[in-house]
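Chemist: A predicted structure for the sequence below; I have some questions about it.
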Amino acid sequence: MAEHEGDVARFASDIATEQPIAGQLSGQKDAIVVYPHPADPRTLYRALLEKLQGFIVLAAPSPGAKSESLFTEEQAARLLRTEGEEAPLRSALHDERPVLWVYEAGETWAAGGTTARILALRSRYPAPALVLSKRGDPDVLKRIAARTRLREPRVFYYRLFGDNLTLEVARPGSAERQTELAIRVGTGLSGRGIFFTESARTGRELAAELRRNGAETRTHFPTMRVREKSEALSDFVEGRTKLLVASSPLTLPRSLPELNFIVHVDMPQDLERYYLDVAGIARDEKKVRAILLYRRDDKLLRRLRQEKLPEATVGDISDAIRLLRAYPGVNESGMPVARLAQAAGESLARTRLILEMLEEAGAVEALGKAVFRPTGTFDEERLARVVVRHRAARERRRRRAQEMLHYAESNLCRIKVVRRYFALAADEACGRCDNCRRGTERRVRYEAKHAGTPGRAGAQRSWTRGDLAVHDAWGEGEVKQVWNGKLRIHFPGQGEKILKAEFVKRG
């Protein structure tokens with residue numbers, strides 16, 4: 001805990017003193033700071049109060065710490081209704097002392113966690129707001145800004161784009177090659193590293209293989225006992241073991257003397273979580289290689305294919321509930337999903353999706369893992385709202401998964417791909433990632449090959465996969481395919497577009 005407090009104290013000091021965040025707040029302007037490192041709210045608020053001298057801090061959620069300069073939204077609302085006792089706070093809110101609203105926000109909180117009381121206070125006393133978010137996805141941040149009624153907020157990514165992190169993607173062709181490559185990385189690279197796997201079972205199997213190949217390895221998964229996890233983490237941090245196989249996210253103390261590589265054995269669900277995970281672990285003073293093992297039959301691709309299933313309409317779902325009610329003995333023993341899929345002429349995957357929406361609408365209940373029965377209530381308006389929510393959520397998941405796949409398959413600088421995902425400027429390549437190194441090698445070979453050929457070395461090339469294209473409306477994108485004068489281009493945040501070559505310029 002002491003180590004994490006050191007991280008938080010440094011963060012609070014930077015918030016109070018570093019430009020441009022401090023300048024944004026002192027100018028009475030709102031700010032969102034993406035801060036993926038773990039922090040206890042009480043520690044965080046104490047640190048902010050210590051560094052932000054003279055501020056009154058209005059905190060949400062409850063900071064759990066008493067101070068004459070620290071109030072929760074609820075305390076503030078109560079004090080403003082009470083005669084006499086409220087004078088210091090009221091005078092502060094009338095700008096006799098600077099005030100700062102502080103929120104800790106995430107995707108769930110952004111979806112509906114802001115109360116009318118908070119919004120009423122903010123509109124009445126428009127002090128600057130500082131939102132601390134562990135999420136960095138632009139769509140999530142837009143919802144956070146809307147829920148808290150931020151005024152033209154500026155987003156800051158706290159210490160996430162230093163020059164210490166080298167991003168790489170390796171492409172094993174099969175599950176067997178994937179395991180072999182992970183073992184080769186674990187036993188062949190010097191120093192210590194962390195392997196992230198999607199499931200504890202996969203992680204335990206990998207750890208056993210690494211041990212058989214002579215590498216001291218511990219595991220750290222949520223299903224383990226607290227004592228076992230603590231011992232595993234202690235052994236790794238104190239240098240008694242070289243490798244740690246774990247699930248993401250993982251919290252490491254700042255005292256970790258050496259971390260040389262981070263390997264994701266399975267494909268993460270989206271680019272945001274992947275990058276915030278590795279950047280949060282790879283502290284800005286230490287050089288770390290972040291390696292993603294990517295193969296085309298990964299689980300992420302199977303999830304993406306499921307997201308492409310035809311949309312379920314309210315009519316489809318109504319038909320399903322009628323079939324369910326007509327099934328013999330359904331009220332006592334329920335109806336298996338497979339039987340319902342067969343009766344409706346639907347795939348199992350689409351039937352599960354329909355039942356998931358019916359359950360959310362309160363029309364069915366689960367009796368077991370794959371057995372459902374009707375509840376007796378069916379509200380079409382409520383079901384229509386559920387369908388709209390599911391459609392929007394599926395589109396968000398699909399977009400995020402596509403951006404993750406684009407990162408894995410891209411020939412562009414990987415830091416530039418990440419920065420574009422976060423809607424940040426990406427003018428210069430990092431020069432460190434595997435794509436930058438390969439690009440430099442290709443250019444050197446091309447120039448050497450055509451050095452003696454007049455006009456060839458600097459000639460305009462035809463479009464090829466991996467080129468950067470610029471469109472007037474969609475900005476920069478990467479060419480994924482070229483045929484018959486047409487280009488299939490991936491634009492971050494927009495997906496893939498097919499355009500004639502004359503409609504874009506070279507980046």
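Modeler: Happy to help now that I have it.

Chemist: mind listing the helices for the stretch 251-400 of the chain?
Modeler: 271-281, 299-307, 314-326, 330-333, 337-344, 348-360, 380-409 (DSSP state H, counting those that start in this stretch).

Chemist: pull the CA atoms of the longest strand belonging to the chain into PDB?
Modeler: In the chain, with assignment by DSSP state E, the single longest strand is strand 475-483. Taking Å, rounded to 0.1, in the frame of the first residue of the first chain, the C-alpha atoms of strand 475-483 are listed here in PDB:
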ATOM      1  CA  GLY A 475      -8.500  11.700 -41.800                       C
ATOM      2  CA  GLU A 476      -5.600   9.200 -41.900                       C
ATOM      3  CA  GLY A 477      -6.100   5.500 -42.500                       C
ATOM      4  CA  GLU A 478      -4.100   2.400 -43.400                       C
ATOM      5  CA  VAL A 479      -4.400   0.700 -46.700                       C
ATOM      6  CA  LYS A 480      -5.500  -3.000 -46.200                       C
ATOM      7  CA  GLN A 481      -6.100  -4.100 -49.800                       C
ATOM      8  CA  VAL A 482      -5.400  -2.800 -53.300                       C
ATOM      9  CA  TRP A 483      -7.200  -4.000 -56.500                       C
END
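
Chemist: pLDDT on that strand, on average?
Modeler: Average pLDDT, strand 475-483: 83.

Chemist: and if you look at stretch 214-230?
Modeler: Across stretch 214-230, pLDDT averages out at 91.

Chemist: and the contacts of that stretch?
Modeler: 186-187, 200, 203-204, 207, 210-211, 231-233, 235-236, 240-247, 250 (CB atoms under 8 Å, 6 or more residues apart in numbering). From N, CA and C alone the C-beta is placed, and that goes for glycine too.

Chemist: just the buried subset of the residues you listed, please.
Modeler: 186, 200, 203, 207, 210, 232-233, 235-236, 241-247, 250 (16 or more other CB atoms under 10 Å).

Chemist: give me the subset of the residues you listed that lies in helices.
Modeler: Among the buried ones among the contacts of stretch 214-230, the ones falling in helices (DSSP state H) are G186, A200, G203, A207, L210, A232, L233, D235, F236.

Chemist: low-confidence ranges, this protein, go.
Modeler: Counting by pLDDT under 70, the ranges of the chain that qualify are 1-8, 15-19, 36-46, 48-127, 253-257, 283-285, 300-310, 440-461, 493.

Chemist: go through whatever helix or strand V131 lives in and flag the buried ones.
Modeler: Secondary structure from DSSP states H and E places V131 in strand 129-133. Using 16+ other CB under 10 Å as the test for burial, strand 129-133 gives A129, L130, V131, L132, S133.

Chemist: re earlier: sheet partners, orientation included, of the longest strand of the chain?
Modeler: Next to strand 475-483 in the sheet, as set by DSSP bridges, lie strand 468-471 (antiparallel), strand 486-491 (antiparallel).

Chemist: pick the most buried one from the ones you listed.
Modeler: Mean neighbour count (mean count of other CB atoms under 10 Å) peaks for strand 486-491 among the strands paired with strand 475-483, with a mean of 20.

Chemist: what count of nearby residues applies to L424?
Modeler: For L424, the neighbour count with other CB atoms under 10 Å is 15.

Chemist: typed the wrong thing, it's K134
Modeler: 18.

Chemist: that one against V140, yeah?
Modeler: No. Between K134 and V140 there is no contact under CB atoms under 8 Å: 9.9 Å.

Chemist: tell me the domain ranges of the chain?
Modeler: Domain assignment for the chain, taken from automatic domain parsing, gives 2-157, 165-296, 309-396, 461-507.

Chemist: how about the helix or strand following the strand holding V131: buried residues?
Modeler: For strand 129-133, the following helix or strand on the C-terminal side (DSSP H and E) is helix 138-148. Residues of helix 138-148 classed as buried by neighbour count (16+ other CB under 10 Å): P138, D139, V140, L141, R143, I144, A145, R147, T148.

Chemist: state the helix or strand in which the nearest residue to Y275 once chain neighbours are set aside lies.
Modeler: Nearest non-adjacent residue to Y275, counting by CB to CB, 6 or more residues apart in numbering: V418, 5.1 Å away. Taking DSSP H and E as the criterion, V418 maps to helix 414-421.

Chemist: now do that helix and strand 475-483, the angle between them.
Modeler: Helix 414-421 and strand 475-483 are oriented at 120 degrees to each other (axes from the mean of the first three to the mean of the last three CA atoms, to 10 degrees).

Chemist: distance from the chain centre to helix 414-421, please.
Modeler: Between the centre of helix 414-421 and the centre of its chain there are 13 Å (CA atoms, centre = their mean, to the nearest Å).

Chemist: do the same with stretch 160-174
Modeler: 16 Å.

Chemist: buried ones in it?
Modeler: By 16+ other CB under 10 Å, the buried positions in stretch 160-174 come out as L160, F161, L165, T166, L167, E168, V169, A170, P172.

Chemist: ok, the third one - contacts?
Modeler: I take that to be L165. Here L165 is in contact with V278, A279, A282, V288, A290 (criterion: CB under 8 Å, 6+ apart).

Chemist: I498 against K486, yeah?
Modeler: Yes. I498 is in contact with K486 according to CB under 8 Å; the separation is 5.9 Å.

Chemist: quick check: of the ones in helices among the buried ones among the contacts of stretch 214-230, which lies closest to E346?
Modeler: Each of those was scored against E346 by CB to CB, and A200 proved nearest at 32.6 Å.

Chemist: can you tell me how far the closest one is from D14?
Modeler: 36 Å (CB to CB, to the nearest Å).

Chemist: repeat that for S462.
Modeler: From S462 over to D14 the distance is 48 Å, taken as CB to CB.

Chemist: between these two, tell me which one has more neighbours.
Modeler: Neighbour count, other CB under 10 Å: between S462 and D14, D14 has more, with 16 against 8.
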